[in-house]
Structures are given as C-alpha cells and as structure tokens.
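Undergrad: Pasting the sequence and the predicted model now:
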Amino acid sequence: MKPQTAISRQLDDAAALCKANGATLTELRRLVLALILQAEGPLTAYQLLEKLQHIRKGAVPPTVYRALDFLIENHLIHKLERLNAFIPCAESHDHEVQFLICGKCGTVAEIEDPAVSKALAKAAEKAGFHPSNALVELDGTCASCANH
Ligand SMILES: [Zn+2]
Ligand SMILES: [Zn+2]
C-alpha cells in the first residue's frame, strides 16, 4: 500500500489540473482515480467496478467507463491496450509514452523517450501514414525480477 497522504495529495493535484482544463473532478471520478492510484499494478475496468461497488453500492459498468474516459481525457491515467487495464499517469499531461510491462510481477513502468517517439513518427511519415495514437507496450522482465 502506498502512503495515504501521498495519494490525497495526488488527488488534490488532479482536481486542480482538471479545473485548469475547465473540467471537474467529481466525487465519483476522484474515487475511481483513488482506486487506480492505490493499486500496486494495472486494474481492469471490471476490477475497478468490483472495488467501487464496495464503496458505492449502485455503481454499474457505464459509471466506471464514463469516469475512466474522463480520467484519460484529462491525462490522469493511461489505458494499456493489450492488458485492457488502467494505470495512473506519472506526468499528468498529454505525452507520447512507452510502457514496460513485466510479465513476472505485473508492474508497469512508464517511460518517455523522445527519440522513440521521433523514430516512430519518422517511420510512419515514410510510409505516408498519419498516426493518431502512438502507444508502445514492451513485454518482458523488469530490473528487479531479472535480478532474482
Ligand atoms: Zn503518462
Ligand atoms: Zn517484475
């Protein structure tokens, strides 16, 4: 478990960020974000729904999906397409990102290497392709698992 104070600070930052974007981090969106921040690894929408139902009895899938869409739009979380799961964004702004997904412990690290983004953009351009999204997910073993 991560320290609660750090999480409430992240939630306050997120609320301020949304406000700056002209959006509102409602109580429900804040709850969903808190669950993602508290998790040790990526959570699927279904896992989130289950957790949410402990706090909010009436929570239904559309509730969760709408909250997730909002959090993605405001750059507070990322969706991992291959795992179909969600993790907090370490940067909280719109950025090109690469994910390192450990198959052993399940941790996901977010890295931002402009050289990778540039190389991808260039390769796409060469093919006459106009990318709308450049999500890179690498499967493998994280540093701490590799050392065991
Ligand atoms: Zn991010
Ligand atoms: Zn690992």
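TA: Arrived safely. Ligands and ions are numbered 1, 2, ... in the order given.
Undergrad: From residue 8, how far off is the closest residue to ligand 1 within the chain?
TA: Here the chain gets closest to ligand 1 at one residue, residue 89, 3.3 Å apart by Cβ to the ion. Any C-beta I mention is one placed from the backbone N, CA and C, and that applies to glycine too. Distance of residue 89 to residue 8, given as Cβ to Cβ, to the nearest Å: 18 Å.
Undergrad: neighbour count winner among these two?
TA: Per other Cβ atoms under 10 Å, whichever of residue 89 and residue 8 has more neighbours is residue 89, with 20 against 13.
Undergrad: Settle this for me: that one is touching residue 77, isn't it.
TA: Yes - with contacts counted by Cβ atoms under 8 Å, residue 89 reaches residue 77, the gap being 5.7 Å.
Undergrad: Show me what the lengthiest helix in the chain is packed up against.
TA: Criterion DSSP state H: the longest helix present in the chain is helix 4-20. Helix 4-20 is packed against helix 27-38, with contacts defined by 3 or more Cβ pairs under 8 Å, 6 or more residues apart in numbering; DSSP states H and E.
Undergrad: Give me the mean pLDDT for the helix it packs on.
TA: Averaged across helix 27-38, the pLDDT comes to 96.
Undergrad: what does this structure put close to ligand 2?
TA: Within the chain, the residues that sit near ligand 2 (Cβ under 5 Å from the ion) are 102, 104, 105, 142, 145.
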